[in-house]
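Enquirer: Sequence and computational prediction follow.
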Amino acid sequence: MTLRAGGTQVHAIVWDVDDTLFDYTSADRAGMSAHLAAEGLLHGYGTVEQALAHWRAVTDQQWARFSAGEVSFEGQRRDRVRVFLGEELTDAEADAWFRRYVAHYETTWSLFPDVLPALDALATSHRHAVLSNSSLTVQDRKLRMLGVHDRFEAVLCAAELGVSKPEAGAFLAACEALELAPHQVAYVGDHPEIDGRGAAEAGLVSVWIDRSGAHTGDGAGTGPRRIASLAELPALLGADTRFGAPSTFR
């Protein structure tokens, strides 16, 4: 069963990964806390939260450079380390530091609790794919370690596509991989602009997962439709569930 709203059927769902399926924020916080402690770097900050805030600001800064095409995926990782430490490191030194961080980070990986129930409920009603502003190497490994890689028939990432969200080309590439028109595809992501608005403007049915509830409005209209939990998604997309008949957008 697929959603029919104004003559439109949604046949596939394309998913964001970090902070949509995978609890990236919690994993990054725990992994970096352990890494900084192991590296003896916490003494330079008043609190762990200050150190993490610095890491997050540097990460956002360098990711913006990658998204703008100013640096490669590997380059933004190395520059995150250099800027964070305030040191002129060689590529090998920066790579080694980042690998040590990843070793801590990976031990904290987990899916959100609502992910597997939602994927199970939508397994037979919709096709599934992934579109992420990361690299295939990173996300392919992550999805395999989390045990959900086989749930998706395609995994697309910005590093290989050469275009990143919120650019329409990234979303349209996912639709092309599925051989579906944009209006036949729903996109589910956690960022209201990069995911929500970007997907809507590319012509996809946009669903914004806002677990924090920090934003107001339900995203109805031409923009993204806001949900607070993936438990809402099967009914929203019209999938058959044990709770009754499918529902549709209104």
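Expert: Now that the structure is in, tell me what you want to look at.
Enquirer: Please export the C-alpha coordinates of the longest helix seen in the chain as CSV.
Expert: The residue-count maximum for a helix in the chain (DSSP state H) belongs to helix 48-67. Output of helix 48-67 as CSV, limited to C-alpha atoms (Å, rounded to 0.1, in the frame of the first residue of the first chain):
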residue,chain,number,x,y,z
VAL,A,48,34.0,18.5,28.8
GLU,A,49,31.1,20.4,27.2
GLN,A,50,33.3,23.3,26.3
ALA,A,51,35.7,20.9,24.5
LEU,A,52,32.8,19.2,22.7
ALA,A,53,31.4,22.6,21.7
HIS,A,54,34.7,23.5,20.2
TRP,A,55,34.9,20.2,18.3
ARG,A,56,31.3,20.7,17.0
ALA,A,57,32.0,24.3,15.8
VAL,A,58,35.2,23.2,14.0
THR,A,59,33.3,20.2,12.5
ASP,A,60,30.5,22.5,11.2
GLN,A,61,33.1,25.0,9.8
GLN,A,62,35.1,22.3,7.9
TRP,A,63,32.0,20.5,6.7
ALA,A,64,30.7,23.8,5.1
ARG,A,65,34.0,24.0,3.2
PHE,A,66,33.5,20.4,2.0
SER,A,67,29.9,21.1,1.0
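Enquirer: Residues in contact with that helix: which ones?
Expert: 28-29, 32-33, 36, 41-42, 44-45, 71-73, 75-77, 79-80, 83-84, 133, 158, 164 (C-beta atoms under 8 Å, 6 or more residues apart in numbering). All C-beta atoms are positioned from the backbone trio N, CA, C, and that covers glycine.
Enquirer: Counting neighbours, which of those end up buried?
Expert: By neighbour count, with 16 or more other C-beta atoms under 10 Å, the contacts of helix 48-67 hold 28-29, 32-33, 36, 71, 73, 76-77, 79-80, 83-84, 133, 158, 164 as buried.
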